[in-house]
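J.: Turn this into a structure:
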Amino acid sequence: MKTVYAIQFDICSPSSNTQSTMLETEKIITTWVQRKYKKAWGADVSLEFQDIETSPLPQHAIVTNVQASDDFRYSQLEWTHPDDQDKSMLWKTLLILCADKEKIEISIVVRIESAQFMVKPVTGYIFGRPAIVDDILSSFECNISGETMPTQHIIISNGDNVAQFVNDVLENPNRTLPVVMMSQDVWTNDYFVDPEILQRKLLGYAKVVLIEKYAGFELSGLVGKQLSCYNGAIRVYWAGFNKSSNPYSHQLFLQEKMSEFRSQGSYIETHLFRLLASVASLRYSEGALSKKAMVSFQNKRADEIARIRKELQDNTLGVGEIEKELEKSWDENERQRRELSENRARIQELEIEIATHRENYRNLIEYQETSSLEKQEKAEPAEFDSVLTAVTEADSFFNKRNLIVWDSALESAEKSNFARPKEVFDALKTITELGDKYFETLKTGESMGSWENFFAERGLKYAPTESEMTINLYGNERVHSHQGERKQMLRHITIGGGDRTNCIQIYFEPNEAKQKIEVGYCGMHLSYYNQRT
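T.: Okay, the predicted model is just below:
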């Protein structure tokens, strides 16, 4: 099972009576389901929020559950149906509504799974935002974490206070939604895509902001060109943005790259929707109000059970009431069994996603343009403020060639105080060049000469291994890790000298099977035999 869409927000009740707004929302949901059955399958379905389970058609299932008390109302709908094109794929939609006396919380999760195991490509796998989201957002004002969910794009015009926008919106520490900014082409004053189309595509997931040409120039002066957005580009400013953010963490799409989408039969707005849906699905968790309501219901149920036990002991409980309580317990057990099964599947899904999260993130920024806005090709940075920045930049620049920077290398780089991080970047570039040459000679069968000479010609001190005594004493320090894999690496470059702190070592090994150079360590000089204490 894979989660493909998730969203959670609060519905603002137009009156102080949240219970009536809750019932109105339930009616909107049942109408949406009935409309889908009529349009897709030509079936009339009777549906309302009660404790019921029904199967309108083969492979279809609708389960509704309602719990209520003086303080809360909790409604849940689980809807399973086959894909319109591929009957072996099942769509599972979960909607949860929860209201107290102050607000209404709604969660919507869409997952897809195979009805049976088979080794067969998934065809026609297309998903978008469920229409129920549009229905609710058009019926009520809604917010997420206290922030109003926008249904219209906004424009930053020439002459507007751009500095205030940066301070109040882009750098707002409480911002939850990303800002997707569209800029004007400096020659035509056009935007690459229709802002209305982009707004509709990203409804509920982002603030869409249009910035006019000269306002874009002012933005560059405030945040720097590497973090700006102008000349027809589109940029995603994630929550947590500030002027010292890494430019590569906030995806930038130039017109050339967006044109490539079109030439391949895709569109930037579709790519952005899938990007945001993927991130939102990973971030989904049960709502705080729903958790609070379930605890309240459980406490209330515990009190009821205690009362029943006492009445049983006193022989004051009738047979009819006993049968009613037994039936209620059976229904409750069945509901909890379903929830447990869903939660186990969700936990397994999250474990898989988290285990591959770093690699997935790199894939998410596959189309990211890392150059300045004036150039089509990215230029290598000339300065770095730390070893970690140099290693991160090298990973971004060279991973599409043959370089893989391991998690342990990033961890060691973060701890390094080496004063010349540019030399670290250059060394990783040289290792990449060696990888290009090495893997090419493996294909051709030619000799590339000694690695010692290759690095010496470039002014780098290289050693293919360690002494036997160093390996015996400190071999465990040369064992590095990445996404659950562990490997001892002995090839290394040493930069600098004087003491262990003022020099840096880079440990790496070629992986012929993957055609990659794996960098396992980049930090302070490791312990060695005969070192001074």
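
J.: Which residue, other than its chain neighbours, is closest to residue 1?
T.: residue 113 (4.0 Å; CB to CB, 6 or more residues apart in numbering). Placement of C-beta: from N, CA and C, glycine included.

J.: If you count neighbours, what's buried in the strand or helix carrying residue 452?
T.: Assigned by DSSP states H and E, residue 452 belongs to helix 451-456. For helix 451-456, a neighbour-count test (16 or more other CB atoms under 10 Å) marks 451, 454-455 as buried.

J.: neighbouring strands for the helix or strand hosting the residue nearest to residue 1, and are they parallel or not?
T.: Here residue 113 sits within strand 104-114, counting by DSSP H and E. The strands that strand 104-114 pairs with in its sheet are strand 2-11 (antiparallel), strand 89-99 (antiparallel) (by DSSP bridges).

J.: residues in contact with the first one?
T.: By CB atoms under 8 Å, 6 or more residues apart in numbering, the list of residues contacting strand 2-11 from outside reads 21, 25, 103-113, 127, 129-130, 133, 136, 140, 142-144, 149, 204-205, 277, 280-281, 283-284, 287, 346, 349.

J.: Just the buried ones out of the residues you listed, please.
T.: Using 16+ other CB under 10 Å as the burial test, those include 21, 25, 104-112, 129-130, 133, 136, 140, 142, 149, 204-205, 277, 280-281, 284, 287, 346, 349 as buried.

J.: could you pull out the helices for the stretch 51-200 of the chain?
T.: 131-139, 162-165, 195-201 (DSSP state H, counting those that start in this stretch).

J.: So residue 516 versus residue 400, what's the distance?
T.: Noted for residue 516: a distance of 11 Å to residue 400, by CB to CB, to the nearest Å.

J.: What of residue 417?
T.: For residue 417, the distance to residue 400 - CB to CB - is 30 Å.

J.: quick one on the thing from earlier: just after the helix holding residue 452, pick out the following helix or strand.
T.: Next element after helix 451-456 (DSSP H and E): strand 461-463.

J.: Which other helices and strands does that following strand contact?
T.: helix 451-456, strand 492-496 (3 or more CB pairs under 8 Å, 6 or more residues apart in numbering; DSSP states H and E).

J.: which residues touch the first one?
T.: Where contact means CB under 8 Å, 6+ apart, the residues beyond helix 451-456 that reach it are 430, 434, 437, 448, 461-462, 464, 491, 493.

J.: Let's see that with 6 Å instead.
T.: Residues outside helix 451-456 that contact it (CB atoms under 6 Å, 6 or more residues apart in numbering) are 434, 462.

J.: What of stretch 45-61?
T.: Under CB under 6 Å, 6+ apart, the answer for stretch 45-61 is 26, 30, 33-34, 37, 43, 62-66, 75, 80-82.

J.: what's the answer for stretch 515-524, then?
T.: 391, 402-406, 408-409, 412-413, 415-416, 431, 435, 439, 480, 489, 500, 506-511.

J.: Could you give the average pLDDT over that stretch?
T.: When pLDDT is averaged over stretch 515-524, the result is 95.

J.: before we move on, what about stretch 250-258?
T.: 89.

J.: for stretch 492-502, same thing?
T.: 81.

J.: And it, what's buried?
T.: 492-496, 500.

J.: And those, which two are furthest apart?
T.: 493 and 500 (15.2 Å; CB to CB).

J.: filter the contacts of stretch 515-524 to the buried ones?
T.: 391, 402-406, 408-409, 412-413, 416, 431, 435, 439, 480, 489, 500, 506-510.

J.: Next step: the residues you listed restricted to strands.
T.: Among the buried ones among the contacts of stretch 515-524, DSSP state E puts 403-405, 480, 506-510 in strands.

J.: will you turn those into JSON lines that also has distance to residue 120 and pLDDT?
T.: Listed next are those as JSON lines, based on distance: CB to CB, whole Å; pLDDT from 0 to 100:
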{"residue": "403", "distance to residue 120": "36", "pLDDT": "94"}
{"residue": "404", "distance to residue 120": "32", "pLDDT": "93"}
{"residue": "405", "distance to residue 120": "36", "pLDDT": "94"}
{"residue": "480", "distance to residue 120": "39", "pLDDT": "95"}
{"residue": "506", "distance to residue 120": "45", "pLDDT": "97"}
{"residue": "507", "distance to residue 120": "43", "pLDDT": "97"}
{"residue": "508", "distance to residue 120": "40", "pLDDT": "97"}
{"residue": "509", "distance to residue 120": "38", "pLDDT": "96"}
{"residue": "510", "distance to residue 120": "37", "pLDDT": "95"}
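
J.: before we move on, the earlier item: which of residue 516 and residue 400 has more neighbours?
T.: Neighbour count, other CB atoms under 10 Å: between residue 516 and residue 400, residue 516 has more, with 17 against 9.

J.: Which strand residues bridge that one?
T.: Here residue 516, judged by DSSP bridges, has bridge partners residue 511.

J.: From residue 238, how far out is it?
T.: Relative to residue 238, residue 516 is positioned 29 Å away (CB to CB).

J.: can you check residue 215 too?
T.: Using CB to CB, residue 215 is found at 21 Å from residue 238.

J.: okay, these two: which has more neighbours?
T.: More neighbours surround residue 215 than the other of residue 215 and residue 238, with 21 against 15 (other CB under 10 Å).

J.: Three-state assignment for that one, please.
T.: helix (DSSP: H, G, I helix; E, B strand; the rest coil).

J.: got a list of what it touches?
T.: 156, 158, 162.

J.: isn't the first one right next to residue 208, touching?
T.: No - using CB atoms under 6 Å, residue 156 and residue 208 do not qualify as a contacting pair, with a distance of 11.7 Å.

J.: The two: who's more crowded?
T.: Legend: neighbour count by other CB under 10 Å for residue 156 and residue 208, higher for residue 208 (24 against 20).

J.: helices or strands up against the helix or strand containing that one?
T.: Using DSSP H and E, residue 208 maps to strand 207-211. Packed against strand 207-211 by the contact rule (3 or more CB pairs under 6 Å, 6 or more residues apart in numbering; DSSP states H and E) you find strand 154-156, strand 179-183, helix 195-201.

J.: which of the residues in the last one are buried?
T.: Residues 195, 198-199, 201 are the ones in helix 195-201 that count as buried (16+ other CB under 10 Å).

J.: cool, and stretch 114-134?
T.: 129-130, 132-133.

J.: Please apply the same query to stretch 284-302.
T.: Applying 16+ other CB under 10 Å to stretch 284-302 flags 284, 287, 289-290, 293-294, 296-297 as buried.

J.: ok so, going back, nearest approach to residue 227 belongs to which of the helices and strands packed on strand 207-211?
T.: strand 179-183 (10.9 Å).

J.: Show me which helix or strand of the protein is least confident by mean pLDDT.
T.: helix 357-364 (a mean of 51; mean pLDDT, DSSP states H and E).

J.: Just send the helices and strands packed on strand 461-463 back as a markdown table, with distance to residue 271 too.
T.: Formatted as a markdown table, the helices and strands packed on strand 461-463 follow (distance: least, CB to CB, whole Å):
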| stretch | distance to residue 271 |
| --- | --- |
| helix 451-456 | 40 |
| strand 492-496 | 38 |
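
J.: mind checking which of those is nearest residue 228?
T.: Closest among those, once you apply CB to CB, is strand 492-496, at 33.7 Å.

J.: contacting residues around that closest one?
T.: Contact partners of strand 492-496, identified using CB under 6 Å, 6+ apart, comprise 423, 427, 460-463, 502-507.

J.: Just the buried residues of those residues.
T.: 423, 427, 460, 462, 504-507.

J.: so residue 72 touches residue 294, yeah?
T.: No - using CB under 6 Å, residue 72 makes no contact with residue 294, being 8.9 Å away.

J.: what about residue 203, which helix or strand?
T.: Short version, using DSSP H and E: residue 203 is in no helix or strand.

J.: how about residue 281, phi and psi?
T.: phi -60, psi -40 (degrees, to the nearest 10).

J.: And the pLDDT for it?
T.: At residue 281, pLDDT is 88.

J.: ok, for it, nearest residue in space, not its chain neighbours?
T.: Using CB to CB, 6+ apart, the nearest residue to residue 281 is residue 3, at 4.3 Å.
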